[in-house]
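Colleague: here is the input, now give the coordinates:
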Amino acid sequence: MQRLYDFIRRHPTGVDTFWAVVLFGFSLLGVAGSSPTGIGALGYVAVGALCSLVVALRRRAPEKMLVLTVLIGLVQLAVGMVPFPGDFAMLVIIYTVAAHDGPRWASRLALSGGLSAALLSQLRWPLEDSRSSAATVFFTIIMTVPFALAWVLGDSLRTRRAYFAQLEERASRLEKEREAQAKVAVAAERARIARELHDVVAHNVSVMVVQADGAAYVMDSSPETAKQALETIAGTGRQALAEMRRLLGILRTGEHQEAGEYVPQPDVQQIEDLVEQVRGAGLAVDFKIEGTPRPLPSGVELTAYRIVQEALTNSRKHGGPDVGASVRLVYFDDGLGLLVEDDGRGAPQEMYEDGGADGRGHGLIGMRERVGMVGGTLDAGPRPGGGFRISALLPLKSAH
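Modeller: Here you go, the predicted structure:
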């Protein structure tokens, strides 16, 4: 049965042609079993052949076959050709046009023609034994029902097809939207990891370079100081490797779970440790906390840590010799304020213009992106009297 069904679906015109031949055979039997009037038996055969043609080509040219059917009906009325089996093609073409997703005029013509066919036939060939007008009306209504049902059935099928097509289109659109959202999420995650790697590498490598230079300078005169600098380099390197391992592990699905190793994201409480590390690298930093410390959203805490880390790294890179810096954390009722300043010679002007693209890194760009992600504001630029200032306000809730 499945093979037969597949064959029918692959060869619709062939199936219609088969039924057209069957209808033509019934038309010939109807003509042979009656005494044709009007234009004679030859005329019935010709009309039967045209009706069979309507059935055979109903799917390939439904509108044209509908017009041909209307002309056949008008000719039958004009020459007095009584209804015969070939007229069944009218029901078929009405159903086909109603089910076909074509011009609406064709569907309306099919409906109006089907509703008027029985009435016109009754007026042209009234019942000989009809005794009352009520019986005539009843018979006309009964004969109209098949034409109305054929149109309703076809139109319902067309509506159902359109509904399923709309569902398929919607499902396809939703699938594409999910794919696009997944790509955006992947791109956002990669951008976040890139910012994290920049902060980790820039800060820790900067500390290591400063300590290595200091160790080389005092290697002969103060071996103990050189030893401490080398220990700082080793500790900073291990910290950098741990953070980079955590970040790169995110790129491998489930790796950090299988390894049982996960390093928490830095938070505000670790800023003091960061300041101590920077002090050990030779940068004098004054650190103060104002307000009442309290738990903050993880995104705000990570953003605050990375801003301080990047700002102190920039102070070491661009502040010049004997630079000093200060870090202020201010807890407000609705957010956290950050102020990082140094009294050095300041960063080059192109570093904080055009979003912070200095041609060598994207530190300020990363800061602005981080602050924007939590709905905060950032102000960076030269400080009056010399030096550089970075000020940020991080709200407790992201702005929407």
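
Colleague: which residues does D6 contact?
Modeller: Applying CB atoms under 8 Å, 6 or more residues apart in numbering to D6 gives no contacts. Quick note: C-beta positions are derived from backbone N, CA and C, even for glycine.

Colleague: where does it sit, in terms of helix or strand?
Modeller: Here D6, judged by DSSP states H and E, is contained in helix 2-10.

Colleague: with just CA atoms, put that helix into PDB.
Modeller: The C-alpha coordinates for helix 2-10 follow below in PDB (Å, rounded to 0.1, in the frame of the first residue of the first chain):
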ATOM      1  CA  GLN A   2       2.800   2.400   0.800                       C
ATOM      2  CA  ARG A   3       4.400   1.800  -2.600                       C
ATOM      3  CA  LEU A   4       1.000   2.500  -4.300                       C
ATOM      4  CA  TYR A   5       0.600   5.600  -2.300                       C
ATOM      5  CA  ASP A   6       4.100   6.900  -3.200                       C
ATOM      6  CA  PHE A   7       3.400   6.100  -6.900                       C
ATOM      7  CA  ILE A   8       0.200   8.100  -6.700                       C
ATOM      8  CA  ARG A   9       2.000  11.100  -5.100                       C
ATOM      9  CA  ARG A  10       4.800  11.000  -7.700                       C
END
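
Colleague: how far off centre is it?
Modeller: Chain-centre distance of helix 2-10: 37 Å, with CA atoms, centre = their mean, to the nearest Å.

Colleague: state which helix of the chain is the longest.
Modeller: The residue-count maximum for a helix in the chain (DSSP state H) belongs to helix 133-218.

Colleague: which regions of the stretch 201-350 of the chain lie under the pLDDT threshold?
Modeller: 202-203, 242-265, 346-350 (pLDDT under 70).

Colleague: repeat that for 50
Modeller: Along the stretch 201-350 of the chain, segments meeting pLDDT under 50 span 253-263.

Colleague: how about the helices of it, start to end?
Modeller: Taking DSSP state H, counting those that start in this stretch as the criterion, the stretch 201-350 of the chain carries its helices at 223-250, 255-259, 271-280, 298-318, 349-352.

Colleague: quick one on the thing from earlier: check which residues of the helix holding D6 are buried.
Modeller: Residues of helix 2-10 classed as buried by neighbour count (16 or more other CB atoms under 10 Å): none.

Colleague: now it: average pLDDT?
Modeller: On average, the pLDDT along helix 2-10 is 75.

Colleague: check stretch 14-26 too.
Modeller: Averaging pLDDT along stretch 14-26 gives 89.

Colleague: what does that stretch rub up against?
Modeller: 8, 48-49, 51-59, 85-86, 88-89.

Colleague: any chance of the helices of the stretch 201-350 of the chain in CSV, plus distance to L157 and mean neighbour count?
Modeller: Output for the helices of the stretch 201-350 of the chain, formatted as CSV (distance: least, CB to CB, whole Å; neighbours: other CB atoms under 10 Å):
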stretch, distance to L157, mean neighbour count
helix 223-250, 53, 16
helix 255-259, 53, 12
helix 271-280, 70, 17
helix 298-318, 54, 23
helix 349-352, 68, 16
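
Colleague: format those helices as JSON lines; extra columns: distance to R195.
Modeller: Output for the helices of the stretch 201-350 of the chain, formatted as JSON lines (distance: least, CB to CB, whole Å):
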{"stretch": "helix 223-250", "distance to R195": "10"}
{"stretch": "helix 255-259", "distance to R195": "19"}
{"stretch": "helix 271-280", "distance to R195": "17"}
{"stretch": "helix 298-318", "distance to R195": "8"}
{"stretch": "helix 349-352", "distance to R195": "17"}
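
Colleague: who's S326 bridged to?
Modeller: As for beta bridges, S326 partners with D286, E341 under DSSP bridges.

Colleague: quick revisit: so which elements touch the longest helix of the chain?
Modeller: In terms of contacts (3 or more CB pairs under 8 Å, 6 or more residues apart in numbering; DSSP states H and E), helix 133-218 is packed against helix 88-99, helix 104-124, helix 223-250, helix 298-318, helix 363-373.

Colleague: and the residue positioned nearest the centre of the chain, how far is that from V184?
Modeller: In the chain, the C-alpha nearest the mean C-alpha coordinate belongs to E177, at 1.0 Å (CA atoms, centre = their mean). Distance from E177 to V184, counting by CB to CB, to the nearest Å: 10 Å.

Colleague: tell me which residues in the host helix or strand of L53 are buried?
Modeller: Counting by DSSP H and E, the element that carries L53 is helix 41-56. Buried residues in helix 41-56, counted by 16+ other CB under 10 Å: G43, Y44, V45, V47, G48, L50, C51, S52, L53, V54, V55, A56.

Colleague: look up how far F84 lies from the closest residue to the third one other than its chain neighbours.
Modeller: By that I understand V45. Spatially, and ignoring its direct neighbours in sequence, V45 is nearest to V31 (6.5 Å; CB to CB, 6 or more residues apart in numbering). V31 is 7 Å from F84, where distance means CB to CB.

Colleague: any shared contact partners between these two?
Modeller: Residues touching both V31 and F84 (CB under 8 Å, 6+ apart): Y44, G48.

Colleague: next helix or strand past the helix holding D6?
Modeller: Moving toward the C-terminus from helix 2-10, the next helix or strand (DSSP H and E) is helix 12-32.

Colleague: what residues of that following helix count as buried?
Modeller: D16, T17, W19, A20, L23, F24, S27, L28, G30, V31.
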